[in-house]
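With the input below, show me the fold.
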Amino acid sequence: MIPLALSMGDPCGIGPEITLKACADPRRTVPVVVIGDPGVLTRADRFAGTGLAVRPVASVARAEYAPGTVDVLAGSDLPDDLPWGALDARAGVASFQYVRRGARLAMDGDVRALVTAPINKEALRLGGVPHPGHTEILADLSGTTDYAMMMANQELRVVLVTVHEPLRTAIDALDTERELAVIRLTHRALERSGAAAPRIAVAGLNPHAGENGLFGREDTDIIAPAVRAARGEGIRASGPWPADTVFMRARAGEFDAVVAQYHDQGLIPVKYLGLEHGVNITLGLPFVRTSVDHGTAFDIAGRGLADHTSLLTALDHADRLSAH
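Predicted coordinates for the structure are as follows:
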């Protein structure tokens, strides 16, 4: 029995709570090994209320998946007084350690996929971690150069050309080679998910997709050549389409996915449709990785209010994707 690995996220956020709730949920059918801190998880269950017994294990091979228990690979040794809902360098370092161990397990074939609870970018920085988020961490750990972030829910799938960088530099980072690489990654991911001849829409950068150069040259000089090159490879790509309507068209079924140019352009329409069923999928890695599409929610951490539906969805996606 090869399980999924689930990293519990920032120990000060809602990650421990939703990890326990997802593991206790009867809708979860796949075996899971948690990477995290047994003490933090035990504390979290006081308000999560799952009644799960936290069982530390030394390796995946020693996991038993017994009813009423959660098998935990200890990835840190945090103090009992670590505060809920606060930025803490120790939490940032620990969350990085969980992800690093999960990536190694996935690359070694000890787990079928890695599912990640939310980490905090400021906590990572306080802990000296030189990466802004999961996507960049996993790409670096696996030596992956061509990768992209897909955000998906029941109605919409969006892949980002640029991810965690300021808008000013994100625009400067656009080039035809990167654009084409993301279209290819999207095409392969959709095929692996079972879509035959997937239809990929590419969103424009400027208003009206540049209006033939009147509102900027990026759409004409950078994005359009990538779309033409993709079509020359047999990929059903089209665009650049005006970003103010392309997501609506995809939601209506005209396209299987949209390639967006920068973080908020792509994530606002996905998250507007609801965080609870959204999932983050990293494309291009040598293993399957999915995650929630929300953050650490420090404002409600430690209060038992966190909804674990997105994490449950991420587990389901990881199970189905790794089955292929």
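
ok, which stretches of the stretch 151-300 of the chain are strands?
157-160, 199-203, 236-241, 257-260, 279-283, 288-292 (DSSP state E, counting those that start in this stretch).

With mean neighbour count and mean pLDDT added, can I get these in JSON lines?
Bear in mind the C-beta positions are built from the backbone N, C-alpha and C, glycine included. Listed next are these as JSON lines, based on neighbours: other C-beta atoms under 10 Å; pLDDT from 0 to 100:
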{"stretch": "strand 157-160", "mean neighbour count": "24", "mean pLDDT": "96"}
{"stretch": "strand 199-203", "mean neighbour count": "25", "mean pLDDT": "98"}
{"stretch": "strand 236-241", "mean neighbour count": "22", "mean pLDDT": "98"}
{"stretch": "strand 257-260", "mean neighbour count": "28", "mean pLDDT": "98"}
{"stretch": "strand 279-283", "mean neighbour count": "24", "mean pLDDT": "92"}
{"stretch": "strand 288-292", "mean neighbour count": "27", "mean pLDDT": "94"}
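
nearest to residue 29, of these?
Smallest distance to residue 29 across the strands of the stretch 151-300 of the chain (C-beta to C-beta): 15.6 Å, for strand 288-292.

got the strands of the stretch 151-300 of the chain as a markdown table, with distance to residue 97 columns?
Formatted as a markdown table, these follow (distance: least, C-beta to C-beta, whole Å):
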| stretch | distance to residue 97 |
| --- | --- |
| strand 157-160 | 26 |
| strand 199-203 | 36 |
| strand 236-241 | 39 |
| strand 257-260 | 31 |
| strand 279-283 | 19 |
| strand 288-292 | 16 |
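
Nearest to residue 188, out of those strands?
That would be strand 279-283 among these, by C-beta to C-beta, at 7.6 Å.

name the helices or strands packed onto the closest one?
Counting contacts by 3 or more C-beta pairs under 8 Å, 6 or more residues apart in numbering; DSSP states H and E, strand 279-283 packs against helix 134-142, strand 148-152, helix 176-192, strand 288-292, helix 309-323.

can you list the residues that contact the last one?
Just to be clear, that refers to helix 309-323. Outside of helix 309-323, the residues within contact range by C-beta atoms under 8 Å, 6 or more residues apart in numbering are 4, 6, 18-19, 21-22, 25, 27-30, 32, 112-117, 152, 192-193, 275-281, 288-294.

List the buried residues in that helix.
309-319, 321-322 (16 or more other C-beta atoms under 10 Å).

Tabulate the CA atom coordinates of it in CSV.
Once non-C-alpha atoms are left out, helix 309-323 reads as follows in CSV (Å, rounded to 0.1, in the frame of the first residue of the first chain):
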residue,chain,number,x,y,z
THR,A,309,-12.7,21.0,2.2
SER,A,310,-10.0,22.4,0.0
LEU,A,311,-7.4,20.0,1.5
LEU,A,312,-9.8,17.1,1.1
THR,A,313,-10.1,18.1,-2.6
ALA,A,314,-6.4,18.3,-2.9
LEU,A,315,-6.0,14.7,-1.5
ASP,A,316,-8.6,13.5,-4.0
HIS,A,317,-6.8,15.2,-7.0
ALA,A,318,-3.5,13.7,-5.8
ASP,A,319,-5.0,10.3,-5.6
ARG,A,320,-6.5,10.4,-9.1
LEU,A,321,-3.5,12.0,-10.7
SER,A,322,-1.0,9.7,-9.2
ALA,A,323,-3.1,6.7,-10.3
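
Spatially central residue in this protein, please.
What sits nearest the mean C-alpha location of the chain, by C-alpha atoms, centre = their mean, is residue 280, with 3.0 Å.

avg pLDDT for stretch 106-117?
Regarding stretch 106-117, the rounded mean pLDDT is 97.

quick one: the residue of the chain most remote from its centre and residue 202, what's the gap?
Distance from the C-alpha centroid of the chain, by C-alpha atoms, centre = their mean, peaks at residue 214 (35.9 Å). Distance, residue 214 to residue 202, using C-beta to C-beta, to the nearest Å: 19 Å.

Please enumerate the helices of this structure.
Ranges of helices in the chain, per DSSP state H, are 15-24, 38-48, 89-108, 121-126, 134-142, 167-173, 176-192, 218, 224-232, 243-251, 263-272, 309-323.

how close does the residue farthest from the centre of the chain get to residue 207?
9 Å.

Stretch 28-45: which residues count as buried?
28, 30-45.

Can I get that stretch in PDB? Just the C-alpha atoms.
In PDB, the C-alpha atoms belonging to stretch 28-45 read as follows (Å, rounded to 0.1, in the frame of the first residue of the first chain):
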ATOM      1  CA  ARG A  28     -11.100  10.300   2.500                       C
ATOM      2  CA  THR A  29     -10.400   6.900   1.100                       C
ATOM      3  CA  VAL A  30      -6.700   7.000   0.300                       C
ATOM      4  CA  PRO A  31      -4.000   6.100   2.900                       C
ATOM      5  CA  VAL A  32      -2.100   9.200   4.200                       C
ATOM      6  CA  VAL A  33       1.100   9.700   6.100                       C
ATOM      7  CA  VAL A  34       1.400  13.100   7.700                       C
ATOM      8  CA  ILE A  35       4.800  15.000   7.900                       C
ATOM      9  CA  GLY A  36       4.700  17.400  10.800                       C
ATOM     10  CA  ASP A  37       5.100  17.800  14.500                       C
ATOM     11  CA  PRO A  38       3.300  15.300  16.700                       C
ATOM     12  CA  GLY A  39       3.100  17.700  19.600                       C
ATOM     13  CA  VAL A  40       1.500  20.500  17.500                       C
ATOM     14  CA  LEU A  41      -1.000  18.000  16.100                       C
ATOM     15  CA  THR A  42      -1.900  16.800  19.500                       C
ATOM     16  CA  ARG A  43      -2.500  20.300  20.700                       C
ATOM     17  CA  ALA A  44      -4.500  21.200  17.600                       C
ATOM     18  CA  ASP A  45      -6.900  18.300  18.100                       C
END
